[in-house]
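Q: sequence unknown, structure follows:
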């Protein structure tokens, strides 16, 4: 009985370590972590260097979210894949020029509910 209990505890620990979807992946070195929940980004204000920028999107919310970056004229520069609840994904934007940007979640009603932020690229 003790052996069975020990084996069950080991199995639970291994399953917990694996996580779900891509959330078991680790944050890429040099990336900028962004947590998404209903209805906000954390942090909501970021400063990153120009060039290729990787964001590590962590969805801690209960619904799917994405991150879309728009320039000062409102033109969409890049949009991430949809990140399911509990998952994490790397989102890389190549050749991000210096300037001021906004980022939003494009899911219906999310931006209007406050899921937006500012991005300064230096």
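A: Thanks, I have the structure now. Since the model is a prediction, treat every value here as computed from it, not as a measurement.
Q: Using the three-state scheme, assign the residue nearest in space to the middle of the chain.
A: Residue closest to the average C-alpha location in the chain (CA atoms, centre = their mean): residue 57, at 1.2 Å. What DSSP: H, G, I helix; E, B strand; the rest coil gives for residue 57 is strand.
Q: so it sits right up against residue 67, yeah?
A: Yes - the pair residue 57 / residue 67 is scored as a contact, 5.8 Å apart, by CB atoms under 8 Å. C-betas here are computed from N, CA, C, even on glycine.
Q: overlap in contacts of those two?
A: Common contacts of residue 57 and residue 67 (CB atoms under 8 Å, 6 or more residues apart in numbering): 34, 36, 80, 91.
Q: Show me what the helix or strand containing the first one is packed against.
A: The one in question is residue 34. For residue 34, the host element (DSSP states H and E) is strand 32-37. When contacts are defined as 3 or more CB pairs under 8 Å, 6 or more residues apart in numbering; DSSP states H and E, strand 32-37 sits against strand 40-42, strand 45-48, strand 51-59.
Q: Please repeat the previous calculation with a cut-off of 10 Å.
A: strand 40-42, strand 45-48, strand 51-59, strand 88-96 (3 or more CB pairs under 10 Å, 6 or more residues apart in numbering; DSSP states H and E).
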